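J.: Got a sequence here, can you build the structure:
(one chain, ligands or ions: 1)
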Amino acid sequence: MSSEKQVKEDLVEVGRRIYDRGYVAANDGNISVRISEDEILTTPTGVSKGFMEPDMMIKVNLEGEKLAGNLEPSSELKMHLEVYRVRPDVFAVLHAHPPAATAFAAAGQALDRPVLPEIIIALGDVPLARYGTPSTNEVPKSIRPHIKDHDAVLLENHGVLTLGTDLYKALFKMESIEHFAQISIYARMLGGEQELSSEEVEKLLQVRKKMNPGGRHPWG
Ligand SMILES: [Zn+2]
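T.: Residues are numbered from 1 along each chain as shown. This is a model prediction of the structure:
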């Protein structure tokens, strides 16, 4: 496992990337990494993800109690803690508002059409979690039914949540979803996506199963 110093630097780096890509505006978004069974490093509230320093990170336990750090964690920390409680295999959680994928969330639409083979293999479908008031327990409750078997979830009228076995995997899932959302919007401008046949989808799911044993059937 990476040192605490390295994880803090990775949080700064990933924050800068999501800010530079326009996945967050102003102080939006929050990121966390689990560094031990009961310790999480997370980004501060009220600071732009593009302008963070390693010493701004906050260490909390799985109950959300602060163990170290001068700043305060995001009010969305509850959503991250819910993920770590439900998914012992997850070590990083990323929340942002990338515009195309957030447009799907704002339109109340999941990203669940079988269109691009690489998305089917990497992510399967991306469900839509029902709207919950940010910072309240409504948000952890709304994601609960989805995070058990999905590494990426749209938050209705809000944004996107991705999970990973490490922080860069969570970032790449965020990038893939946003890319897929952009392509889906362009395809709809051209008359709509052409969905892959169930036979083709089945073949891709076999590939997915080999790469990701124990994974779930996205349309099953
Ligand atoms: Zn948000």
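
J.: At which residues are the helices of the chain located?
T.: Here the chain has its helices, by DSSP state H, at 4-20, 77-86, 99-106, 117-122, 138-147, 167-189, 198-211.

J.: Including distance to Tyr131, could those go into JSON lines?
T.: Placement of C-beta: from N, CA and C, glycine included. Listed next are those as JSON lines, based on distance: least, C-beta to C-beta, whole Å:
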{"stretch": "helix 4-20", "distance to Tyr131": "22"}
{"stretch": "helix 77-86", "distance to Tyr131": "13"}
{"stretch": "helix 99-106", "distance to Tyr131": "9"}
{"stretch": "helix 117-122", "distance to Tyr131": "24"}
{"stretch": "helix 138-147", "distance to Tyr131": "7"}
{"stretch": "helix 167-189", "distance to Tyr131": "18"}
{"stretch": "helix 198-211", "distance to Tyr131": "29"}
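
J.: Which of the ones you listed sits closest to Ile40?
T.: With C-beta to C-beta as the criterion, Ile40 lies closest to helix 77-86 of these, at 6.7 Å.

J.: ok, back up a step: could you check the helices of the chain and tell me which one is nearest Glu65?
T.: Comparing the helices of the chain under C-beta to C-beta, the one sitting nearest is helix 77-86, at 10.5 Å.

J.: could you say what helices and strands that closest one packs with?
T.: On a contact count with 3 or more C-beta pairs under 8 Å, 6 or more residues apart in numbering; DSSP states H and E, helix 77-86 meets strand 30-36, strand 39-42, strand 92-96, helix 138-147, strand 159-164.

J.: The ones you listed: which one's closest to Pro54?
T.: The nearest among those, by C-beta to C-beta, is strand 39-42 at 9.7 Å.

J.: Strand partners (parallel or antiparallel) of the closest one?
T.: Sheet pairing for strand 39-42, assigned by DSSP bridges, gives strand 30-36 (antiparallel), strand 58-60 (antiparallel).

J.: For the most centrally placed residue in the chain, list the residues it contacts.
T.: In the chain, the residue lying closest to the centroid (C-alpha atoms, centre = their mean) is Thr162, at 1.4 Å. Contact analysis of Thr162 by C-beta atoms under 8 Å, 6 or more residues apart in numbering lists 93-95, 151-152, 170-171, 173-174, 177.
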